[in-house]
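# need coordinates for the following:
(one chain, ligands or ions: 1)
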Amino acid sequence: MPAGLATGPDALEPDLLRAVSFDAGWSLLERFSTLVRESGSEEEHVAAEYIGAELSRLGVPFEMHEPDLYLSLPRESSVEWRGGSIRAKPPSFAVPTPDGGLEGELVYVPAAAATGQRDLFAKRLGDDLPDVAGKIVLSEGYAMPGMVSAFEAAGAAGQIFINPGRNIHWGICTSIWGTPTTRNLATKPGTPAVAVNNPDGERLKEAVGETVRLEVRLEEGWYPCKLPVAHIAGASDEFMLVHGHYDSWDVGIGDNAVGDATLLELARIFHAEAGRLKRSLRIAWWPAHSTGRYGGSTWYADTHALELRKRCVGAINIDSPGCWHATEYDDVMWMAEAGPLCARAIADVTGKTAKRLRPLRAGDYSFNQIGLTSFYMLLSNIPADERAALGFYPTGGCGGNIAWHTEDDHMGVAERANLERDLGVYVASIARVLNARILPYDFRETVSELAGYVDDYVAAAGELLDLSAVRTELETLGTALDDLYAAVGAGEPNPAVVAAVNELFLDLSRILVPIGYAEGGAFDHDPALPRTPIPRLARVTELSGLADGNSEMLPFLVNELRREANHVANGFHEAARAVGRVLAQLMASAPAG
Ligand SMILES: [Zn+2]
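This next block holds a predicted model:
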């Protein structure tokens, strides 16, 4: 990156890093290890008040929001067969069975095992489902929305998921992101579903073809929640949002008390140096992540949408850092423009090389459609060979520990040295955004990533759909950005130009993040289902199949995708125009030479 766009440390950073320690954080872990932080519960409110009391003790200003959020709370459930009973956990937003339970014939549908975090949320079924209508399906994996909705669509009356290990993992099966609206309420799951552990599930396979009975219990409704947000004022009211969930399954130490403790330490460290910060910092602890499908972060996105859109310079999600034996950075999420920043911060603080995972439609990434450049989610992992040696299967947190989303996620899952090291990564990353003269984002990375996807879509469209405008507008944007970064890097831009470039970078985030990650509108929330990059163009890959089958749907889909392509091409066009305007200003202000 050119000199004018440094991603490295400034004078403040060493002082911030010297303040890294985990005393207040460790006390929080010990307190939270006694609190079952189910959203809307008394113990979760106690946890929020603990965070508030700690912020008060540290002198950090904060707000305690109190939204009512729509939750689904799993209760003790079972599968009964041949007179015996197996313990089961329903995923949040499964439907309770009526009095007397749900009886049905058990049908087994094998599913491919997840190979890692990246396909944990995907539907892993073949195309030819057996007849499951009116039956109770037995399959493998976690009760994730893709699988649950696929079986429901095939007419299954109930579902049982065989988890991969000896513990049953809690989870959530609705695809509705945050609290439902009248428009998406109908897509809420409509049938009972449960998870069982692997030994029980394997035995249950003997009952295939027999009648089994599900007893599924959940409580669903509106619950009062608490949502603390710390405000650390820097010189400008532009701010960075750093956030993580504090509700959990059971006492959830690795997922996510360690993140809550990290957020508290960040509040302490940055508040102490607030007078030296160029930009402001907001630190948020979300409720309703586990039982409201990111209901807390979504509520904040909805109620603070305009100020986030106008003034938020980037977002960091903190989930499951610093866990036991987690020393590798082999699956770290960041949006492309934040790549140089993230990779360098991790390398500078830890000496490790981070490997990127393109952000999934998961976690509290509730700000994609507002257009916030976002990075991190899970951070460090147990090394892959160690996980394999331990017989660990893929999970969605706890540094890869299979204690994730179970009763085993207790103090042993946290590791203090790893927490301090990861805290350092966050401190460096945040400081480099807050105090950068020019925001440390490289949108040439974003364009080059998007160009790869556009090439794929152009190839998939073949002669069936003309995507040349998408490609041309993106190329124009790429050229404009090359010129801009070269010009900014060549000299010492004056304050007016610096301000214009920073404003431009916010505009580019607002345009390019939604194009890269979302299908719906700016203030809406796409469902919690896997998104293909540039989701508006995802269905381009269906065209050739429709053409081969002489489907009468082909011209309708072509028609639809032409409109989506216009949306995408126009986004690139507007981004290029914005870059051009700032480039002109930059050239006009440059000393004649
Ligand atoms: Zn989590």
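# near the ion, which residues of the stretch 201-350 of the chain show up?
By the rule C-beta under 5 Å from the ion, the part of the stretch 201-350 of the chain lying against the ion is Asp255, Asn256, Asp319. Just so you know, the C-beta spots here come from the backbone N, C-alpha and C atoms, and that holds for glycine as well.
# who wins for neighbours among these?
For those, the largest number of neighbours (other C-beta atoms under 10 Å) sits with Asn256, at 32 neighbours.
# surely it touches Asp250?
No - taking contacts as C-beta atoms under 8 Å, Asn256 lies outside contact range of Asp250: 11.9 Å.
# any idea which helix or strand carries Ala578?
helix 554-589 (DSSP states H and E).
# in that helix, what counts as buried?
Within helix 554-589, the residues that count as buried by 16 or more other C-beta atoms under 10 Å are 554, 557-558, 561, 564-565, 568-569, 571-576, 578-579, 582-583, 585-586.
# helices or strands up against that helix?
helix 468-490, helix 495-517, helix 543-548 (3 or more C-beta pairs under 8 Å, 6 or more residues apart in numbering; DSSP states H and E).
# re the thing from before, ok, and of the buried residues of helix 554-589, which contact the ion?
Near the ion, by the rule C-beta under 5 Å from the ion, you find none of the buried residues of helix 554-589.
# same list (the residues of the stretch 201-350 of the chain next to the ion) but as TSV, adding secondary structure.
Listed next are these as TSV, based on DSSP: H, G, I helix; E, B strand; the rest coil:
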residue	secondary structure
Asp255	helix
Asn256	helix
Asp319	coil
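# ok, now which ones touch the most centrally placed residue in the chain?
The centre of the chain sits closest to Gly363, judged by C-alpha atoms, centre = their mean, with a distance of 3.0 Å. Listed by C-beta atoms under 8 Å, 6 or more residues apart in numbering, the contact partners of Gly363 are Tyr294, Asn317, Asp319, Met333, Met377, Leu378.
# where does it fall, helix, sheet strand or coil?
coil.
# looking at the helices and strands packed on helix 554-589, which is buried most?
helix 495-517 (a mean of 20; mean count of other C-beta atoms under 10 Å).
# mean confidence score for it?
The average pLDDT within helix 495-517 is 97.
# where does the stretch 51-200 of the chain dip in pLDDT?
Where the stretch 51-200 of the chain drops to pLDDT under 70, the residues are 113-127.
# and of the helices and strands packed on helix 554-589, who's closest to the ion?
Closest of these to the ion is helix 495-517, at 19.4 Å (criterion: C-beta to the ion).
# so how far is that closest one off the chain centroid?
Distance of helix 495-517 from the chain centroid (C-alpha atoms, centre = their mean, to the nearest Å) equals 22 Å.
# picking that back up, the contacts of Gly363 in helices, which ones?
Among those, no residue falls in helices (DSSP state H).
# which one of these sits closest to the ion?
Asp319 (4.1 Å).
# for the closest residue to the ion within the stretch 101-250 of the chain, which residues make a bridge with it?
Nearest residue of the stretch 101-250 of the chain to the ion: His245, at 5.7 Å (C-beta to the ion). Beta-bridge pairing of His245, defined through DSSP bridges, involves Trp286.
# ok, now which ones touch it?
By C-beta under 8 Å, 6+ apart, the residues touching His245 are 256, 259, 285-290, 294, 296-297, 319, 364.
# buried subset of these?
256, 259, 285-290, 294, 296-297, 319, 364.
# got these as CSV, with pLDDT columns?
Conversion of the buried ones among the contacts of His245 to CSV gives the following (pLDDT from 0 to 100):
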residue, pLDDT
Asn256, 97
Gly259, 98
Trp285, 98
Trp286, 98
Pro287, 98
Ala288, 98
His289, 98
Ser290, 97
Tyr294, 98
Gly296, 98
Ser297, 98
Asp319, 98
Asp364, 97
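# the residue in the stretch 351-500 of the chain that the ion sits nearest to: how many residues sit nearby?
Using C-beta to the ion, the closest approach of the stretch 351-500 of the chain to the ion is made by Gly397 at 4.7 Å. Gly397: 26 surrounding residues under other C-beta under 10 Å.
# do you know the pLDDT at it?
According to the model, Gly397 carries a pLDDT of 96.
# with Gly275 instead?
Gly275 is given a pLDDT of 97.
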